[in-house]
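Q: quick one, what's the 3D model for this:
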Amino acid sequence: MQVLVQRLEGVPVGSYLSIGSDGQRILRRLEAGRSISIPGAEIGALKIEVLQSLGSGYVVKQPGPGRQQCSLSFLPETDRAMKNTKMLLELQLTPQSPAEAASKAPSQEENSFYLQRHKLSEYFKALLSAMLRQKPSDPYAWMLGQLQGKIIASPPAEISTLRRVPSFQGGACVITGPSGVGKSTLIKKLMAEFPGQFGFSVSHTTREPRAGEQAGVDYHFVTRDQMQQDIDAGLFVEHAEVHGNLYGTSIEAVQAVTRQGKVCLLDIDVQGAESVRQSTLSSTCSFVFFAPPTAAVLEQRLRGRGTETEERIQKRLGNSLKELAIYDANPDAWDLTLKWYNEQVEDAYAELRDFSIQQLP
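A: Now for the predicted structure:
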């Protein structure tokens, strides 16, 4: 198919003509008198759009069988400022021989537009950087796992037959609650009793390690620039800024546990839990909330750590009140809520243990 731009008036400078047929897409800068070739296209099957920069702004009326002229019309989502602008675009459509169609290759301009539209250069650069840092034993399986998280809910037809990796075979259990409420204590007890059934997802953070913490065991300690780069690349299930530092759970951290057929335990803050609810992981997740019996008990536990300044204690208490407000707004959203005093830790653990066993695959 040959498309000739016969007449062009009032179209914004820098606009592109995008023409597609049978899965193919041709993109050319709009210029009067320009001829555009589309391999194997039929007049009645064309979808023609005018793109302003990298955003779709206008659609050309689709020509019917036998029609060889079409003119410009507007989409409802068109920029309001342009709706009253007089525009004229006339195209002449001419069938093209198979030999002519086969000789046409995508232009550098079209390839550049495609890369920019999907942000592919930035994404794969960040993905490669993350892989070189982590050095997975099977880089191809790792790469597929990361790409899995970028695929939309209804994958395009060309990847519908892709072998899907069961990213969360054993499911996941989100355990959250205010800082100092005792989550880590009970999680460690659960993992000690059932090391083959549960695994602990190791989170990333930009904060400094505390005394006794081990990198890769307690947290993956990374720089803010490095973590933000991975977040932008879509490598995290959830992330949040807490007390001025970034915290997050990477897709790889969860998959490292679920690949073993275990339930992945996610010890994250309330903001992170809400992010997981919005992710593709939510359907295989259970949610547990740890709540202090009283604010006084929470403050006592924070001070008992002996690792926090007074300023940090007050900041954590303020954030805890906000997290409790989120819980109080919708307590039924949580599958289990635990409250206990220090002397009731065994009772609380028994309740968590019974609940967690029910989550095993």
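Q: helix, strand or coil: sort out residue 248 for me.
A: At residue 248 the chain is in strand, as set by DSSP: H, G, I helix; E, B strand; the rest coil.
Q: quick one: neighbours of it, just the number.
A: By other Cβ atoms under 10 Å, 24 other residues sit near residue 248. The C-beta positions use only the backbone N, C-alpha and C, and glycine is treated the same way.
Q: quick check: the nearest residue to it once chain neighbours are set aside vs residue 281, distance?
A: In space, and not counting its chain neighbours, residue 248 is closest to residue 239: 3.2 Å by Cβ to Cβ, 6 or more residues apart in numbering. With the distance defined as Cβ to Cβ, to the nearest Å, residue 239 ends up 13 Å from residue 281.
Q: which intervals of the stretch 1-150 of the chain have sub-threshold pLDDT?
A: Along the stretch 1-150 of the chain, segments meeting pLDDT under 70 span 1, 6-16, 18, 20-28, 37-90, 92-110, 113-114, 116-119, 145, 148-150.
Q: can you do 80?
A: Across the stretch 1-150 of the chain, the ranges flagged by pLDDT under 80 are 1-123, 126-127, 130, 134, 136-138, 140-150.
Q: hmm, residue 337 is touching residue 293, no?
A: No - judged on Cβ atoms under 8 Å, residue 337 makes no contact with residue 293 at a distance of 11.6 Å.
Q: what touches both of those two?
A: Common contact partners of residue 337 and residue 293 (Cβ atoms under 8 Å, 6 or more residues apart in numbering): none.
Q: domain map for the chain?
A: 2-103, 172-358 (automatic domain parsing).
Q: measure the last one end to end?
A: It stands for domain 172-358. When the termini of domain 172-358 are compared using Cα to Cα, to the nearest Å, they are 12 Å apart.
Q: and for stretch 187-202?
A: Terminal residues of stretch 187-202 are spaced 13 Å apart (Cα to Cα).
Q: what comes up buried for it?
A: 187, 189-190, 194, 197-202 (16 or more other Cβ atoms under 10 Å).
Q: could you point out the helix or strand that follows the helix or strand hosting residue 328?
A: Per DSSP states H and E, residue 328 falls inside helix 310-329. Using DSSP H and E, the helix or strand that follows helix 310-329 in sequence is strand 336-338.
Q: helices or strands up against the very next helix or strand once past that following strand?
A: Following strand 336-338 in sequence order, the next helix or strand is helix 345-358 (DSSP H and E). The helices and strands touching helix 345-358, judged by 3 or more Cβ pairs under 8 Å, 6 or more residues apart in numbering; DSSP states H and E, are helix 183-193, strand 285-290, strand 336-338.
Q: those: which one's closest to residue 176?
A: With Cβ to Cβ, the closest approach to residue 176 among the helices and strands packed on helix 345-358 belongs to strand 285-290: 6.1 Å.
Q: and the average pLDDT for that closest one is what?
A: The average pLDDT within strand 285-290 is 90.
Q: which helices and strands sit right next to it?
A: On a contact count with 3+ Cβ pairs under 8 Å, 6+ apart, strand 285-290 meets strand 172-176, helix 270-277, strand 336-338, helix 345-358.
Q: ok, 7 Å please
A: If you count contacts as 3 or more Cβ pairs under 7 Å, 6 or more residues apart in numbering; DSSP states H and E, strand 285-290 packs onto strand 172-176, strand 336-338.
Q: which helices and strands sit right next to the shortest one?
A: Right, strand 336-338. If contacts are counted by 3+ Cβ pairs under 7 Å, 6+ apart, strand 336-338 sits against strand 285-290, helix 345-358.
Q: turn the ones you listed into TSV, including mean neighbour count and distance to residue 327.
A: Below are these laid out as TSV (neighbours: other Cβ atoms under 10 Å; distance: least, Cβ to Cβ, whole Å):
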stretch	mean neighbour count	distance to residue 327
strand 285-290	22	6
helix 345-358	15	17
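Q: how about the ones you listed in CSV, adding distance to residue 225?
A: Below are the helices and strands packed on strand 336-338 laid out as CSV (distance: least, Cβ to Cβ, whole Å):
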stretch, distance to residue 225
strand 285-290, 30
helix 345-358, 37
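Q: which one of those has the lowest average pLDDT?
A: When I compare the helices and strands packed on strand 336-338, helix 345-358 is least confident, with a mean of 86.
Q: neighbouring contacts of that helix?
A: Outside of helix 345-358, the residues within contact range by Cβ atoms under 7 Å, 6 or more residues apart in numbering are 173, 185-186, 189-190, 198, 336, 338, 340.
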